[in-house]
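Enquirer: no sequence for this one, just the structure:
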């Protein structure tokens, strides 16, 4: 077979097969004239050859270089993720809001969105850091003059504590879900668009799901955003979005019988508080994610 | 609505990090922090320093996610390139380790530096002839990355890799040795090699500083 006959696909396949064995790529090049000829004229395939050679050399060298430095354990410290998030929250560069798509998304039945979608997003989306910051606040680093408007301050403090507890729970759930083997993380998008506007994390092992978005306006009075899972044409309500620290979120368990699986959809719809979801047709999703 | 075929790709996650998505950021951490920590720990031998490398690497990810170019390498390789620079900086700066000075050729710089070290009372030893200390450091880092990735592989994948690349067995010989169908052996070897290749995808050389520019 001539050099033109073997082509990219054939060359790449043989290279990949050869890489399965130590020295295999070099043996292939020296023994397979078709491959050698193709590599002479094809930069892309030559780059593939080089990549496999680099992996093979690195692997052989690492395995042949004797016992490695004695390490008691290379397990990640459990609190390093939190410390890293705190550090990035303190030192990271805040995002300049990008201009993406239409300025305002239309939520059926919702109040007009008056806030630019990404305004302040860099800080608001920093969910975990926000929770930590509130925890610090409650830890007493801020001195409040309680001699004036004591009741109002107490009310705000109680509300902040409640919000902190909720966010701490969410943070804890997210942390656990992201550590769970086989977890799925999907972008939450407004209906009819693909731009990510939030995130859904699902852990099949624990049966827990968490959703977070910074782009959902407060629901109009007398309504709420209800979360649901749709699978095989059947929609099951799982909870309602909560609001706090500039975020909308929900975390909880999803019944395994109606749980997330291939082809299922997680969605959020605006529904009236009175009357629930008993409408003839299910309310349209304002945000959804497919699995 | 079309169901998506699988979990978000690394590139998609970094694109979302660039928009300020903290959950996507945490997902990248969940996927690769172990690789970075394992490699830094193996090179530096200091858990505290390795933790700092992880923190600084993810700070760089947050600050420069918008600069990530998938055409230049994988997310894993990009993170490991940043971690490499941070780790090697620490390695060089550590007063507990000997300075590495290249002596030889037409360049007097190494000799001058050695004389300064002697004058300062610094003990001096020599390495192998012709050894380039920077290249040796690069090799050490690459070994650390390979070992870190190997440590995260499932046992069955690590085993086939060791049999193939340490013992030098063919795929057929491995199949006979472990009693698995050869197709299974090939699949597991491919999967392990793919992970290693992803981590080693960045060109190891002069382009590293560019890849990690703007510290």
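Expert: Okay, I see it. Note that this is a predicted model, so its numbers are computed, not measured.

Enquirer: Contacts (any at all) between chain A and stretch B:165-177?
Expert: Yes - using C-beta under 8 Å from any C-beta of the partner chain, we find that stretch B:165-177 touches chain A at B:165, B:166, B:168, B:169, B:170, B:171. The C-beta positions use only the backbone N, C-alpha and C, and glycine is treated the same way.

Enquirer: Inside helices: which ones of the residues you listed?
Expert: Taking DSSP state H, the ones among those that sit in helices are B:165, B:171.

Enquirer: can you tell me which two in the residues of stretch B:165-177 next to chain A are farthest apart?
Expert: Maximum pairwise distance among these (C-beta to C-beta): 14.7 Å, between B:166 and B:171.

Enquirer: Look at the two and report which has more neighbours.
Expert: Legend: neighbour count by other C-beta atoms under 10 Å in any protein chain shown for residue B:166 and residue B:171, higher for residue B:171 (19 against 14).

Enquirer: ok, now which ones touch the more buried one?
Expert: Applying C-beta atoms under 8 Å, 6 or more residues apart in numbering or on different chains to residue B:171 gives the contacts A:20, A:21, B:164, B:182, B:185, B:186, B:189.

Enquirer: Who are the contact partners of the second one?
Expert: Residue A:21 sits next to B:164, B:169, B:170, B:171 when contact means C-beta under 8 Å, 6+ apart.

Enquirer: Let's see that with 10 Å instead.
Expert: Applying C-beta atoms under 10 Å, 6 or more residues apart in numbering or on different chains, we find residue A:21 in contact with A:27-28, A:56, B:164-165, B:168-174, B:189.

Enquirer: thinking again about what came up before, ok, of the contacts of residue B:171, which one's closest to residue B:94?
Expert: residue B:164 (35.8 Å).

Enquirer: Longest helix in chain B, please.
Expert: helix B:22-44.

Enquirer: I'd like the average pLDDT over the helix or strand just after that one.
Expert: Helices and strands here follow DSSP states H and E; after helix B:22-44, the next one along the chain is helix B:47-64. Helix B:47-64 shows a mean pLDDT of 93.

Enquirer: Just the buried residues of the contacts of residue A:21.
Expert: A:28, A:56, B:164, B:165, B:169, B:170, B:171, B:173, B:174, B:189 (16 or more other C-beta atoms under 10 Å in any protein chain shown).

Enquirer: Columns pLDDT and distance to residue B:80 on top of those, output as JSON lines?
Expert: Formatted as JSON lines, the buried ones among the contacts of residue A:21 follow (pLDDT from 0 to 100; distance: C-beta to C-beta, whole Å):
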{"residue": "A:28", "pLDDT": "93", "distance to residue B:80": "28"}
{"residue": "A:56", "pLDDT": "94", "distance to residue B:80": "18"}
{"residue": "B:164", "pLDDT": "95", "distance to residue B:80": "23"}
{"residue": "B:165", "pLDDT": "94", "distance to residue B:80": "20"}
{"residue": "B:169", "pLDDT": "95", "distance to residue B:80": "29"}
{"residue": "B:170", "pLDDT": "95", "distance to residue B:80": "30"}
{"residue": "B:171", "pLDDT": "95", "distance to residue B:80": "28"}
{"residue": "B:173", "pLDDT": "95", "distance to residue B:80": "32"}
{"residue": "B:174", "pLDDT": "95", "distance to residue B:80": "28"}
{"residue": "B:189", "pLDDT": "95", "distance to residue B:80": "22"}
